[in-house]
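Enquirer: Provided below are the primary sequence and the corresponding predicted coordinates.
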Protein chains: 2
Amino acid sequence: MTFQEYFPVWDKLNPNQQQRLLGSLITRRVKKGDVIHNGSMHCTGLLLVQSGQLRAYILSDEGREITIYRLFDRDMCLFSASCIMRSIQFDITIAAEKDTALWVIPAEVYQGIMEESAPVANYTNELMASRFSDVMWLIEQVMWKSLDKRVASFLLDEAAIEGTDALKITHETIANHLGTHREVVTRMLRYFQNEGMVKLSRGMVAILDADRLDALQKEKA
Amino acid sequence: MTFQEYFPVWDKLNPNQQQRLLGSLITRRVKKGDVIHNGSMHCTGLLLVQSGQLRAYILSDEGREITIYRLFDRDMCLFSASCIMRSIQFDITIAAEKDTALWVIPAEVYQGIMEESAPVANYTNELMASRFSDVMWLIEQVMWKSLDKRVASFLLDEAAIEGTDALKITHETIANHLGTHREVVTRMLRYFQNEGMVKLSRGMVAILDADRLDALQKEKA
């Protein structure tokens, strides 16, 4: 697959814009666990995922994490190029959850094209609105949902992403996704295990009763 | 003041776009407490505040509220016109906190101009990025900050907005801004009063020691 097939508004660009974009592209391969962008980096550029999986999260002063959104094949990340808009006043960190192949579009090239092209600016708007919806979902989760429901949702989402009910994941990793402490997750998973919903082993959480986890996550507060 | 002076990219519009915008504008005056937009309304249109104060918030199934952002003179609200972008997948409610004069720009008119005008699309991008920053700030607050710090911050912000240390505000209203229960706010304010930081009376919170509230909100967890 070529960049042209991955970039949704390619056909709306004029030849000069197409050339500037292609001529500046950087292809990168990153390993699972690599940090691709963090707030202290100036402006990494826009990331377009060819294949793999990335995670965007924020960090507290004390080093706690919470996942803001994830990026899969064909997803594009704007906030690794926060310098393209002066109103982006927050820092996120982006790390690879799987080995990932991606394109980096230099921020100043994208910005130049966005300023002159209504289709690119409107595509960028849709991109940001989509992340905004992710973040609003997250606020509703942390404000109104108890942690047992959030852990149940997270396990079901992971199973859907990985295509298996036997999840290779540590309690620490789950805690970092959900913005809580490992001990709290461990206590919750043991409760799930006692209830027969999951089975725990070293570095593994196996889902035994997806229907009950689903009922739990949908339960009213 | 005229709409032309309030709309930042007016000069970047062509005469046809200027005419469409002016010709479709609706001027509204709303009273303190009026709900201008809620999720079940189809698409109210973009709101541009002439003078006054609006509040955007979300509601839980159980009727709890949390303030997402506020709009003051010259601020524009996009999410009351969520139909202009298919990726906006969340509902907010907008209510007047003070008597407010505003312009409503019909969603389909704005959308039409945004699709053809790069300056308008880029202005919309900045607008959304600015609200995105508000929401990221809110996530950091609810995730990493204890409620005493959030109440202290809220009181100081209110004092700055109102230009007075004697705030006419109920405990219920503070709870609705912060996404918590009235009882929790009352307990916190009584603690602040015992410490000499505020003085409570019916429908009033008077700030006695802004420096200590400020020190509290800045304290590390």
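Expert: Here it is on my side, so go on.
Enquirer: Which stretches in chain A count as strands?
Expert: For chain A, the strands defined by DSSP state E occupy A:26-30, A:35-37, A:46-51, A:54-59, A:65-71, A:76-77, A:93-96, A:100-105, A:166-168, A:198-201, A:204-207.
Enquirer: Would you tell me which of these gets closest to residue B:58?
Expert: Nearest to residue B:58 among those is strand A:65-71; the distance by CB to CB comes to 17.2 Å. (C-beta placed from N, C-alpha, C; glycine too.)
Enquirer: Would you check how far apart residue A:70 and chain B are?
Expert: Going from residue A:70 to chain B by CB to the nearest CB, to the nearest Å gives 16 Å.
Enquirer: who's in contact with that residue?
Expert: By CB atoms under 8 Å, 6 or more residues apart in numbering or on different chains, residue A:70 lies in contact with A:53-56, A:97, A:161.
Enquirer: can you rerun that using 10 Å?
Expert: A:49, A:53-57, A:94, A:97, A:134, A:157, A:161, A:177 (CB atoms under 10 Å, 6 or more residues apart in numbering or on different chains).
Enquirer: Over to residue A:160?
Expert: By CB under 10 Å, 6+ apart, the neighbours of residue A:160 are residue A:210.
Enquirer: now the most centrally placed residue in chain A, which residues is it bridged with?
Expert: Nearest to the mean C-alpha position of chain A, by CA atoms, centre = their mean, lies residue A:70 at 1.5 Å. Residue A:70 forms beta bridges with residue A:55, as assigned by DSSP bridges.
Enquirer: where does it land on pLDDT?
Expert: Looking at residue A:70, its pLDDT stands at 96.
Enquirer: what's the answer for residue A:221, then?
Expert: 61.
Enquirer: Select the longest helix from chain A.
Expert: helix A:118-144 (DSSP state H).
Enquirer: Show me the shaky parts of chain A.
Expert: Low-confidence segments of chain A (pLDDT under 70): A:221.
Enquirer: Next, the buried residues of the longest helix of chain A.
Expert: The neighbour-count check on helix A:118-144 (16 or more other CB atoms under 10 Å in any protein chain shown) flags A:118-125, A:127-136, A:138-144 as buried.
Enquirer: by how many degrees do it and strand B:54-59 diverge?
Expert: If you take axes from the mean of the first three to the mean of the last three CA atoms, to 10 degrees, helix A:118-144 sits at 60 degrees to strand B:54-59.
Enquirer: Give me the angle between helix A:118-144 and strand A:46-51.
Expert: Using the same axes, to 10 degrees: helix A:118-144 against strand A:46-51 is 80 degrees.
Enquirer: Say whether chain B is contacted by helix A:118-144.
Expert: Yes: using CB under 10 Å from any CB of the partner chain, helix A:118-144 reaches chain B at A:118-140, A:142-144.
Enquirer: Enumerate every residue touching residue A:203.
Expert: A:167-171, A:173.
Enquirer: Can you give me the end-to-end span of stretch A:87-107?
Expert: 15 Å (CA to CA, to the nearest Å).
Enquirer: Are that stretch and chain B in contact anywhere?
Expert: Yes: contact of stretch A:87-107 with chain B (CB under 10 Å from any CB) involves A:87-92.
Enquirer: Ok, stretch A:161-177 next?
Expert: No: using CB under 10 Å from any CB, we find that stretch A:161-177 stays clear of chain B, coming within 12.1 Å at best.
Enquirer: Can you get me a residue count around the closest residue to residue A:153 other than its chain neighbours?
Expert: The shortest distance from residue A:153 to any non-neighbouring residue, by CB to CB, 6 or more residues apart in numbering or on different chains, is to residue A:217 (4.5 Å). Residue A:217 sits with 18 neighbouring residues when counted by other CB atoms under 10 Å in any protein chain shown.
Enquirer: again with the one 3 residues further on
Expert: By the measure other CB under 10 Å, the count of residues near residue A:220 is 6.
Enquirer: what's the answer for residue A:164, then?
Expert: Neighbours around residue A:164, by other CB under 10 Å: 12.
Enquirer: you'd agree it is up against residue A:206?
Expert: Yes: contact criterion CB atoms under 10 Å: residue A:164 and residue A:206 qualify, at 9.2 Å.
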